[in-house]
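Peer 1: Next one to model:
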Amino acid sequence: MGRPRNPERDKSMQRYLDADGKIETAELAKLAGVPEVRIRKWKSEDSWDEALKNKPKKRGGQKGNKNAAGKTPAKKGNKNAVTHGAFAQAGYEDIDPEQAAAIQNMGTPSAMSQMMEELQALYLRKAYLESLLKEYESPEAGGFYTDKIVHMIVPKSMEERQQEEDCGMEHQQCADPEGSKGETYKTAMKSVIKSSPFERAMKVEAELNKLHGRIIKQLDSIKAYELEDRRLTLAEKQLELNKQKLTGEFEIDPDGSTDSDEITDVVDDV
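Peer 2: Alright, predicted model coming up:
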């Protein structure tokens, strides 16, 4: 009959998983009351790293994830992923307060409120891009901006992985594009892609030119909507006049004008 399984073996593995692998074998050995070499043996035989890799992820940001770290005021939201800003989602807090107030106070007739809201959004984005362009064209905008950092990773050798384990270091876990499991990687080369203020200004200006076309198109749509609304009003008045002619009743205004005169005026305006 074999020797019974040490209950600390499973407990140690659970402690390792609960800590997301960020606990040293020396500490686990102290908690379990066994030599550190036995913890390493359990870790290898029970495939702790494999179990950690397959551990269900919690919703939201993972522990140790610093992708959103940095200066992110609540008022402006998280813009750590923004580079030149030409494609960023703009809000009223991103532009000059006076411009924001002017856009928010634009009239919104009930008949075309949706079109006016879209026009407001376009003007909002226009003001935001213009502020970016002013920043990049400013004499103080010197040097280069970091747009992207690209890491080329390669698998670590068995010797490197063993050496890290002996020193109590954690492996750098990276997703393998070919889908193999249990691999650990290291950065072989890091490339930093930068752009000048002029290059960023050109991208923002190109986006502004597209936006100007959308604003003109939206204004034309609003004008066409207003014209169509006036035509519908004219058609309703014409229908009402025809009904009055059939019944022999005409509504006379106090100033002496009839509906027929009013329709004539509308036709002249159109």
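
Peer 1: Check for me that I153 belongs to a helix.
Peer 2: No: counting by DSSP: H, G, I helix; E, B strand; the rest coil, I153 is not found in a helix; it is strand.

Peer 1: Hmm, T184 and it touching each other?
Peer 2: No: I153 is beyond contact range of T184, at 9.8 Å (criterion: C-beta atoms under 8 Å). Glycine gets a C-beta too; all of them are placed from N, C-alpha and C.

Peer 1: Okay, now the unreliable bits of the stretch 101-250 of the chain?
Peer 2: 106-112, 164-183, 249-250 (pLDDT under 70).

Peer 1: just the helices in it please.
Peer 2: 113-136, 158-166, 197-247 (DSSP state H, counting those that start in this stretch).

Peer 1: Could you work out which of those reaches nearest to Y16?
Peer 2: Among the helices of the stretch 101-250 of the chain, the nearest to Y16 by C-beta to C-beta is helix 158-166 (13.1 Å).

Peer 1: re earlier: looking at the helices of the stretch 101-250 of the chain, which is nearest to K43?
Peer 2: Per C-beta to C-beta, nearest to K43 of the helices of the stretch 101-250 of the chain: helix 158-166, 8.4 Å.

Peer 1: who wins for proximity to A32 among the helices of the stretch 101-250 of the chain?
Peer 2: Among the helices of the stretch 101-250 of the chain, if distance is taken as C-beta to C-beta, the winner is helix 158-166, at 17.7 Å.

Peer 1: if we can go back for a sec, ok, and which of the helices of the stretch 101-250 of the chain has the densest surroundings?
Peer 2: When the helices of the stretch 101-250 of the chain are scored by mean count of other C-beta atoms under 10 Å, the highest mean neighbour count falls to helix 113-136 (a mean of 17).

Peer 1: which helices and strands does it pack with?
Peer 2: Packing partners of helix 113-136 (3 or more C-beta pairs under 8 Å, 6 or more residues apart in numbering; DSSP states H and E): helix 97-104, helix 197-247.

Peer 1: Give me the angle between that helix and helix 197-247.
Peer 2: Using axes from the mean of the first three to the mean of the last three C-alpha atoms, to 10 degrees, one finds that helix 113-136 and helix 197-247 are set 160 degrees apart in direction.

Peer 1: For the remainder of this discussion, apply numbering that starts at 33.
Peer 2: Let's use 33 as the start, then, which means that last one is helix 145-168.

Peer 1: Please export the alpha-carbon coordinates of helix 145-168; PDB is fine.
Peer 2: What follows is helix 145-168 as a C-alpha-only set of coordinates in PDB (Å, rounded to 0.1, in the frame of the first residue of the first chain):
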ATOM      1  CA  SER A 145     -34.200  66.700 -33.500                       C
ATOM      2  CA  GLN A 146     -32.300  63.600 -34.500                       C
ATOM      3  CA  MET A 147     -30.600  65.400 -37.500                       C
ATOM      4  CA  MET A 148     -29.700  68.300 -35.200                       C
ATOM      5  CA  GLU A 149     -28.200  66.000 -32.600                       C
ATOM      6  CA  GLU A 150     -26.000  64.400 -35.300                       C
ATOM      7  CA  LEU A 151     -25.000  67.900 -36.500                       C
ATOM      8  CA  GLN A 152     -24.100  68.700 -32.900                       C
ATOM      9  CA  ALA A 153     -21.900  65.600 -32.600                       C
ATOM     10  CA  LEU A 154     -20.100  66.600 -35.900                       C
ATOM     11  CA  TYR A 155     -19.400  70.100 -34.600                       C
ATOM     12  CA  LEU A 156     -18.200  68.700 -31.300                       C
ATOM     13  CA  ARG A 157     -15.700  66.400 -33.100                       C
ATOM     14  CA  LYS A 158     -14.700  69.300 -35.300                       C
ATOM     15  CA  ALA A 159     -13.900  71.500 -32.300                       C
ATOM     16  CA  TYR A 160     -12.000  68.600 -30.700                       C
ATOM     17  CA  LEU A 161      -9.900  67.900 -33.800                       C
ATOM     18  CA  GLU A 162      -9.200  71.600 -34.300                       C
ATOM     19  CA  SER A 163      -7.800  71.800 -30.700                       C
ATOM     20  CA  LEU A 164      -5.600  68.800 -31.400                       C
ATOM     21  CA  LEU A 165      -4.300  70.400 -34.600                       C
ATOM     22  CA  LYS A 166      -3.600  73.600 -32.800                       C
ATOM     23  CA  GLU A 167      -1.600  71.600 -30.200                       C
ATOM     24  CA  TYR A 168       0.500  69.800 -32.800                       C
END
